[in-house]
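Visitor: Sharing a sequence plus its predicted fold:
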Amino acid sequence: MKYLFQNLLKTIPVLLLITLIVFLLVRVTGDPVSLMLPETATEEERESLREALGFNEPLPVQYFTYLGDLVRGDFGDSFRYNTDAMALVLERLPATFELAFASMIVAILISVPLGILSAVKRNSFFDLFITGGAVLGKAMPSFWLGIMLILFLAVNVQIFPVSGRDGFQHLILPALTLGTGIAAEMTRLIRSSMLEILGQDFIRTARSKGLKEGIVVNKHAFRNALIPVVTIMALQTSTLIGGTLITETVFAWPGLGQLLVQAVNLRDMSVVQAATFLIAIFVIMSNLIADLMYRMLDPRIKYD
Amino acid sequence: MAEKLMDIKDLKVRFKTEDGFISTVNGVTFNMNEGETLAIVGESGSGKSVTSLALMGILPPNGEVYEGEMSFRDKNLRTLSKKDYRALRGNEISMIFQEPMTALNPVFTVGYQLRETLIVHFKMTKQQANIRGIQMLELVGIPDAEKAMGRFPHQLSGGMRQRVMIAMALSCNPRLLIADEPTTALDVTIQAQILTLMRNLKEKSNTSIMIITHDLGVVAELADRVIVMYAGEVVEEAPIYELFENPLHPYTKGLMASIPKVHDVVDDLYSIEGTVPNPANMPSGCKFHPRCPLADIECTKIHPALEYVNEGHAKRCIKV
């Protein structure tokens, strides 16, 4: 508990730094006012809008105003939609979570059995096939895989819908697209981790006790092999939440990535800031969860 | 006459490597009686550990028994099904290993690892296995056994871990306990404790012990009978007193001479010159001849057979 609290405290400076960087970046990439007013607007009109939005203030003043609002939970309004920026971001969150979660499940379902099997049957034809497949899976760009899946499973054979988000059916193709890439990396990791563990003395001990090979592999070896895999899983999860823009675009999936890129293009500052702030929180959280799981899986790591 | 427990005849084990098969056990023959303590002595690479792993049926994936016979209580181990072999392992034959640091699974508690064997072989419930586990830990002299059940291996000292290993190995009352260098990785004071423990446990139960070691001090402490192995072969076999009184094979003599003695002050400690031959490149004739002080031209040609000189004492040498 103390450990968790300490780590939560440590995230505060990280979050502050992120808000500062994002704040500066959105302001150096251009003036939103020119995009908000028609071409024919006069310089006076632009100036008065800047004043109304507070852009005429010096940057430090603007930053502290922003921070003050942020502490009160006010992320400002979207210039484009004229609604609360955070509300826009939160609206997209379920779609992003749904896809991230489903992709992770796909990745685990593929990589755990394949990784274990190819380690147990190392250097066999099966192992070669899986290892080769993993290299291919990693090299395959997700937009290509997504388009191929649409072509074959939604257009030629119409099993799944082409795009959009409307129930479980719509989730499968994008989850497969994202999950395969992650599965490729995780399979290789699980394989090498398992190979290392299977050579350890305690595996020989487990066999000498007369345990079934399945128990030796799936319990004694896998519990140990999982420890390094958890870290990669956490990193992948945060990537999934932060940016799966390409896959979201291919499948017209209304997720956070899409909203964020739109907002960047329109210089919709408040939305960019709200979205990055939320993504930062999730990245920090998934790392924290990975750390906790690490401790749960490996009793050798001391608490506090 | 004591009843025969296990019998190995002309056992040969080989390993598949990138350069083809390499044979590390080349025709080992010996047997054990019920209740006996047999020591297998030899340098690292002599094939003593591989012999025991072959007997347990847990050779590494690239190793295989390719010739010879192994039987245990009239069961032919070479034709035993995987399932029957599993039922034997950890139950009738169990094993403790050299490195207590790495021989226990780091992510499971002592209790879990102790209960596991009992649940598999005796079909005990978790509660029954727990009670038996605590008894076993008490038997091997672990203080506060109930608390120790909840500990993880890294929370115990090396000596305690080896005690846990022994408790685990003995929990199903095995007929045969194979101890592969059980004291090598431990401090000298702890070594003595573990040896005393093993001797006491042996007196209490009728378990036979096969102790694999390179330490003749351990042999003197525990064994009834000794087998000396060199380069994958048995080079001498003798009852314990006979071996220390009257070692025949030059290799055994060399091993004896390399034990430091307090009373004889010598400038240099005796050691056998050279090293154990590489199994991929065995010398011709007697495998010990390149290092043997008695070797002559004959020894380079003739591979001597294991000959009995009297009841229970055999040697593989043409010079003595």
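Guide: Okay, I see it.
Visitor: alpha carbons only for contacts and neighbour counts from here, please
Guide: Fine.
Visitor: any idea which helix or strand carries residue 286?
Guide: Looking at chain A here, since you left the chain open. helix A:269-297 (DSSP states H and E).
Visitor: With B:Glu69 instead?
Guide: strand B:63-72.
Visitor: For B:Ile194, give me its contacts.
Guide: Each residue near B:Ile194 by CA atoms under 8 Å, 6 or more residues apart in numbering or on different chains is listed here: B:Gly159, B:Gln162, B:Arg163, B:Thr183.
Visitor: Just the buried residues of whatever helix or strand it lives in, please?
Guide: Assignment of secondary structure by DSSP H and E places B:Ile194 within helix B:188-204. Buried residues in helix B:188-204, defined by neighbour count with 16 or more other CA atoms under 10 Å in any protein chain shown: B:Ile190, B:Gln191, B:Gln193, B:Ile194, B:Leu195, B:Leu197, B:Met198, B:Arg199, B:Leu201, B:Lys202.
Visitor: What does A:Ala154 show for phi and psi?
Guide: phi -120, psi -30 (degrees, to the nearest 10).
Visitor: If you tally nearby residues, what's the number for it?
Guide: 17 (other CA atoms under 10 Å in any protein chain shown).
Visitor: Assess the claim that it and A:His170 are in contact.
Guide: No - A:Ala154 is beyond contact range of A:His170, at 10.3 Å (criterion: CA atoms under 8 Å).
Visitor: which residues do these two both contact?
Guide: By CA under 8 Å, 6+ apart, the residues touching both A:Ala154 and A:His170 are A:Phe160, A:Pro161, A:Val162.
Visitor: what's near enough to touch the last one?
Guide: Same thing as A:Val162. Counted by CA under 8 Å, 6+ apart, A:Val162 has contacts A:Ile150, A:Ala154, A:Val155, A:His170, A:Phe251.
Visitor: OK, contacts around the spatially most central residue of chain A?
Guide: Centroid check for chain A by CA atoms, centre = their mean gives A:Leu240 as the closest residue, at 2.2 Å. By CA under 8 Å, 6+ apart, the residues touching A:Leu240 are A:Ala100.
Visitor: and if you look at the one 10 residues further on?
Guide: Contacts for A:Val250 (CA under 8 Å, 6+ apart) come out as A:Phe143, A:Gly146, A:Ile147, A:Ser163.
Visitor: Out of those, give me the one that has the most neighbours.
Guide: A:Gly146 (22 neighbours).
Visitor: give me the element that one is part of.
Guide: helix A:142-150.
Visitor: And A:Phe129, by the same measure?
Guide: Counting by DSSP H and E, A:Phe129 is part of helix A:125-139.
Visitor: From the rest of the structure, what touches that helix?
Guide: A:114, A:117-119, A:121, A:180-185, A:187-188.
Visitor: Please compute how far that helix lies from its chain's middle.
Guide: 24 Å (CA atoms, centre = their mean, to the nearest Å).
Visitor: so it versus helix A:142-150, what angle?
Guide: 110 degrees (axes from the mean of the first three to the mean of the last three CA atoms, to 10 degrees).
Visitor: ok, for A:Ser192, nearest residue in space, not its chain neighbours?
Guide: Among residues not flanking A:Ser192 along the chain, A:Ala119 sits closest, at 7.1 Å (CA to CA, 6 or more residues apart in numbering or on different chains).
Visitor: OK, contacts around that neighbour?
Guide: A:Asp127, A:Arg191, A:Ser192, A:Met194, A:Leu195.
Visitor: who in the stretch 51-200 of chain B is up against chain A?
Guide: B:56, B:58, B:85-91, B:94-97, B:99, B:102-107, B:117, B:120, B:152, B:154, B:169 (CA under 8 Å from any CA of the partner chain).
Visitor: Go again with 6 Å.
Guide: B:Arg86, B:Arg89, B:Gly90, B:Thr102, B:Ala103, B:Leu104, B:Asn105, B:Val107 (CA under 6 Å from any CA of the partner chain).
Visitor: OK, contacts around B:Lys204?
Guide: Neighbour list for B:Lys204: empty [criterion: CA atoms under 6 Å, 6 or more residues apart in numbering or on different chains].
Visitor: how far does the helix holding A:Gly146 sit from the chain's center?
Guide: With CA atoms, centre = their mean, you get 19 Å for helix A:142-150.
Visitor: Also stretch A:220-234?
Guide: For stretch A:220-234, the distance to the chain centre is 19 Å (CA atoms, centre = their mean).
Visitor: Same check on stretch A:164-183?
Guide: 14 Å.
Visitor: who's in contact with it?
Guide: Residues contacting stretch A:164-183 (CA under 6 Å, 6+ apart): A:Ala102, A:Ser103, A:Val106, A:Ala107, A:Ser111, A:Gly137, A:Lys138, A:Gly146, A:Pro161, A:Ala252, A:Trp253.
Visitor: got CSV for these, with distance to A:Met269, pLDDT and secondary structure too?
Guide: Shown next, in CSV, are those (distance: CA to CA, whole Å; pLDDT from 0 to 100; DSSP: H, G, I helix; E, B strand; the rest coil):
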residue, distance to A:Met269, pLDDT, secondary structure
A:Ala102, 30, 94, helix
A:Ser103, 30, 94, helix
A:Val106, 35, 95, helix
A:Ala107, 34, 95, helix
A:Ser111, 40, 95, helix
A:Gly137, 37, 89, helix
A:Lys138, 34, 88, helix
A:Gly146, 31, 90, helix
A:Pro161, 34, 88, coil
A:Ala252, 23, 89, coil
A:Trp253, 22, 90, coil
